[in-house]
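Participant: Coordinates only, no sequence provided:
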């Protein structure tokens, strides 16, 4: 072989190897090529942004911001990133274009560079959406549209796109980008404001939706966190991002009843302020940030993924009629309208009345 040709090939191989070694945190991978490292810490910060949502994710010095709350909290989100020593954002996900999710994303983009911005493929007429697209153009950032099943690496963790699964929805909430974040044996699911239509589409993807922690869809709205979806997730812990005494009544009584019936640990930003979940790949611990806008209480607890499926309750409630039934009652509702209770007292405490036919006791 000509010695010059050999040297050129050697140079190309060295260049490719060096390029791969210098690759940053933001990498889209095929399903077979992403591996997570158990034993490495992942932090998920559920930032208290009132009636809105904002989540900061950090792994091995890599950062991702999912939503940013409304304009009132945009400066808080930027300050929060500064407090966490964020230099740049490897990912930003704007789950959808409602103001209570997007305003803080615009604020973050004004102050930080971002490698990859993931956002849904639809247009909005709002001022904040126009600010968002103008800022992306100014920074020469092209939106990466979500594709279900696509995996991305972030530090020692990875996340998979779960939704949206269609291109046309009557309700813009169902365009929400949903992800499953995995660190070792621990996993988190965030679904933006996705409602029942999108949840059912996620169920049809056959992607494993089981998780340790679930950020309740649409701030705990009754139109999200359907019974079928929760049964697929089987979360040990649920975080609800909502404003204190908000006008929407979030989280809804129906949603709280479904979550309580499943025995989930529930963490609410309207009660606790900023909530930080730390995963070491095996266990997840929760810590309430004392400096947050919550009640200042510190709450530490741990969660380990259970291999067994949670047992369904002895009584079945109908989320529409607010009646609860024996399991063999002929008036038991379809699965999507069910909520399960362990005891009749649990059902009554949740605001449900006994069925007049089967008279559950």
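Facilitator: Done, it's in. Small disclaimer: the values here were computed from a predicted structure and weren't measured.

Participant: use CA for all of it now, contacts and neighbours both
Facilitator: Will do.

Participant: does residue 82 count as helix, strand or coil?
Facilitator: helix (DSSP: H, G, I helix; E, B strand; the rest coil).

Participant: and the residue nearest the centre of the chain, what is it in contact with?
Facilitator: In the chain, the residue lying closest to the centroid (CA atoms, centre = their mean) is residue 190, at 1.2 Å. Applying CA atoms under 8 Å, 6 or more residues apart in numbering to residue 190 gives the contacts 178, 179, 180, 214, 215, 216, 217.

Participant: Do a quick rundown of the helices in the chain.
Facilitator: 3-21, 74-83, 99-111, 127-138, 196-203, 227-233, 253-262, 269-272, 344-349 (DSSP state H).

Participant: which sections of the stretch 201-350 of the chain are below the confidence cut-off?
Facilitator: Of all residues in the stretch 201-350 of the chain, those with pLDDT under 70 make up the ranges 289-313, 335-336, 349-350.

Participant: Please repeat the previous calculation with a cut-off of 90.
Facilitator: Per-residue confidence for the stretch 201-350 of the chain (pLDDT under 90) gives these ranges: 287-324, 326-350.

Participant: Residue 114 and residue 89 touch, don't they?
Facilitator: Yes: the criterion here is CA atoms under 8 Å, and residue 114 meets it with residue 89 at 4.7 Å.

Participant: ok, those two, which is more surrounded?
Facilitator: Using other CA atoms under 10 Å as the criterion, residue 114 and residue 89 rank with residue 89 on top: 24 against 21.

Participant: pLDDT wise, what is the more buried one at?
Facilitator: On pLDDT, residue 89 comes in at 98.

Participant: Pretty sure it sits against residue 63.
Facilitator: Yes: Residue 89 is in contact with residue 63 according to CA under 8 Å; the separation is 5.2 Å.

Participant: Identify the nearest residue to residue 198 in space, disregarding sequence-adjacent positions?
Facilitator: residue 174 (5.4 Å; CA to CA, 6 or more residues apart in numbering).

Participant: My error: substitute residue 100 in the last question.
Facilitator: residue 70 (4.0 Å).

Participant: Could you measure from the one you found over to residue 320?
Facilitator: To residue 320, residue 70 is 32 Å away according to CA to CA, to the nearest Å.

Participant: how about residue 135, what does it touch?
Facilitator: By CA under 8 Å, 6+ apart, residue 135 lies in contact with 106, 109, 110.

Participant: repeat that with 10 Å
Facilitator: Residue 135 makes contact with 106, 109, 110, 129, 141, according to CA atoms under 10 Å, 6 or more residues apart in numbering.

Participant: what residues are up against the second one?
Facilitator: Read that as residue 109. Applying CA under 10 Å, 6+ apart, the residues contacting residue 109 are 78, 88, 89, 92, 117, 132, 135, 136, 139.

Participant: let's go with 7 Å and repeat that
Facilitator: If a contact means CA atoms under 7 Å, 6 or more residues apart in numbering, then residue 109 has no contacts.

Participant: per-residue confidence for it?
Facilitator: For residue 109, the pLDDT comes out at 97.

Participant: quick one, what contacts residue 66?
Facilitator: For residue 66, the contact set (CA under 7 Å, 6+ apart) comprises 54, 55, 56, 92, 93, 94.

Participant: quick one, which of residue 70 and residue 320 is more surrounded?
Facilitator: Between residue 70 and residue 320, counted using other CA under 10 Å, residue 70 has the larger neighbour count: 26 against 10.

Participant: from what I can see that one touches residue 98, true?
Facilitator: No: applying CA atoms under 7 Å as the test, residue 70 and residue 98 come out as separate, 8.7 Å apart.

Participant: With distance to residue 161, pLDDT and neighbour count added, can I get the contacts of residue 66 in TSV?
Facilitator: What follows is the contacts of residue 66, written out as TSV (distance: CA to CA, whole Å; pLDDT from 0 to 100; neighbours: other CA atoms under 10 Å):
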residue	distance to residue 161	pLDDT	neighbour count
54	18	98	27
55	16	98	24
56	17	98	22
92	13	98	23
93	11	98	26
94	13	98	27
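
Participant: Pick out the most distant pair among these.
Facilitator: Maximum pairwise distance among the contacts of residue 66 (CA to CA): 12.2 Å, between 56 and 94.

Participant: For the residue nearest to residue 198, give its distance to residue 240.
Facilitator: For residue 174, the distance to residue 240 - CA to CA - is 18 Å.

Participant: swap in residue 221?
Facilitator: Using CA to CA, residue 221 is found at 10 Å from residue 240.

Participant: repeat for residue 249
Facilitator: Separation of residue 249 from residue 240 (CA to CA): 13 Å.

Participant: Between the two, tell me which one has more neighbours.
Facilitator: Comparing residue 249 with residue 240 by neighbour count (other CA under 10 Å), the higher total belongs to residue 240, at 25 against 15.

Participant: So what pairs up with that one in the strands?
Facilitator: Note on residue 240: beta-bridge partners residue 268, judged by DSSP bridges.

Participant: these two touch, right, it and residue 219?
Facilitator: Yes: counting by CA under 7 Å, residue 240 touches residue 219, with 5.7 Å between them.

Participant: Which residues are in contact with the closest residue to residue 120 other than its chain neighbours?
Facilitator: Closest residue in space to residue 120, ignoring its immediate chain neighbours: residue 145 at 5.6 Å, by CA to CA, 6+ apart. Residue 145 makes contacts with 118, 119, 120, 121, as judged by CA under 7 Å, 6+ apart.
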